[in-house]
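Peer 1: whatever this is, show me its structure:
(chains A and B)
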Amino acid sequence: MAGSSSWSRALMQISPYTFASIGIAISIGVSVLGAAWGIYITGSSLIGAAIKAPRITSKNLISVIFCEAVAIYGVIVAIILQTKLESVPDSQIYAPESLRAGYAIFASGIIVGFANLVCGLCVGIIGSSCALSDAQNSTLFVKILVIEIFGSALGLFGVIVGIIMSSQATWPAKTA
Amino acid sequence: MAGVMQKFILASMIMWVAPMAILYGFNHHIIPGSGQLSSSSQTLLSGFLAVISVNLVIVFYIIMAMKEPANRESQPDPAFLAEAKASINQSATTTSNPDAQSRDKVE
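Peer 2: So this is what the prediction gives:
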């Protein structure tokens, strides 16, 4: 370690708790950003289109529910990740297994956060077009809903990989 | 509109409460059998069950929303319609008056 370059030494000496906490923050913060973006894009089109066609509101709230599910995925993963944070004794903080656990929590948070960000954006834009076209012609709704289901599967992929990643975040045992 | 809002708020609340309850149950070993799982399989199981519960609520809401009758509110609000017609009639009568007014001003 003494002969390695200064960048790698600097990275190895950042506490794994830093990475883990940033991962938890990104998982909830960026997911909610995506969900909010999707909801305001869809909500403004929905309210505008419902002036002339009030019948579209109950079916098109499905788009808002999809965007809200994206936020809930972020919350679920954040709760799971924070149960994975354990304290280790001082001698073990920079052990390889501690670093691995810290990086696993960080990666899980980034995966979930950014997958939910783009999923929320995607579902929001599709939902806005869905409301406008449903107001014109109600037979189009089911076809656009199929596209929206594909879009919402993107967030699901991120959550699945994030949960699998976080399940193997084990810190070294305290008695080592 | 009230029925729509009620269904939406109910679905949203269940969508928040169900996964939190599942995660809480697994983490505090309230659910029977969760005490014997290893830490990693407990994480996997609780995470996947929470995500599945959110998706079940979504499917349930979609089914409820598609079953609503389509043409219950196909007419615009009658009060709005009456006011719109009244304003059209009023503007039609005022367009016939300005000729008399302009003759008065010239005099």
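Peer 1: how many residues are close by residue 18?
Peer 2: Defaulting to chain A. Neighbour count of residue A:18, defined by other CB atoms under 10 Å in any protein chain shown: 11. Every C-beta, even on glycine, is put in place using the N, C-alpha and C of the backbone.
Peer 1: switch to chain B, that's the one I care about
Peer 2: 18.
Peer 1: same check, this time on residue A:120
Peer 2: 34.
Peer 1: ok, residue B:9 next?
Peer 2: 10.
Peer 1: where does it sit, in terms of helix or strand?
Peer 2: Here residue B:9 sits within helix B:2-27, counting by DSSP states H and E.
Peer 1: tell me the buried residues in that helix?
Peer 2: B:4, B:7-8, B:11-12, B:14-15, B:18-19, B:22-23, B:26-27 (16 or more other CB atoms under 10 Å in any protein chain shown).
Peer 1: same check on stretch A:24-36?
Peer 2: Those buried within stretch A:24-36 under the rule 16+ other CB under 10 Å are A:24, A:26-28, A:30-36.
Peer 1: that stretch and chain B in contact?
Peer 2: No - Stretch A:24-36 stays clear of chain B (CB under 8 Å from any CB of the partner chain), getting no nearer than 12.0 Å.
Peer 1: same for the helix or strand containing residue A:8, what does it pack against?
Peer 2: Secondary structure assignment for residue A:8, by DSSP H and E: helix A:6-12. Applying 3 or more CB pairs under 8 Å, 6 or more residues apart in numbering or on different chains; DSSP states H and E, one finds that helix A:6-12 contacts no other helix or strand.
Peer 1: shaky segments in chain B?
Peer 2: Scanning chain B for pLDDT under 70 picks out the ranges B:70-76, B:96-107.
Peer 1: contact residues of it facing chain A?
Peer 2: Residues of chain B lying near chain A (CB under 8 Å from any CB): B:1, B:3-4, B:7-8, B:11-12, B:15-16, B:19-20, B:23, B:27, B:39-41, B:43-44, B:46-48, B:50-51, B:54-55, B:58, B:61-62, B:65-66, B:68, B:70-74, B:76.
Peer 1: circling back to that earlier point, quick one: mean pLDDT over the helix holding residue A:8.
Peer 2: The predicted model gives helix A:6-12 an average pLDDT of 86.
Peer 1: tell me the first helix or strand C-terminal of that helix.
Peer 2: Next element after helix A:6-12 (DSSP H and E): helix A:16-49.
Peer 1: all helices for chain A, in order.
Peer 2: A:6-12, A:16-49, A:57-83, A:96-136, A:141-167 (DSSP state H).
Peer 1: what parts of chain A come near chain B?
Peer 2: So chain A meets chain B at A:52, A:54-55, A:57-59, A:61-62, A:64-66, A:68-69, A:72-73, A:75-77, A:79-80, A:83-84, A:138, A:145, A:156, A:159-160, A:163-164, A:166-168, A:170 (CB under 8 Å from any CB).
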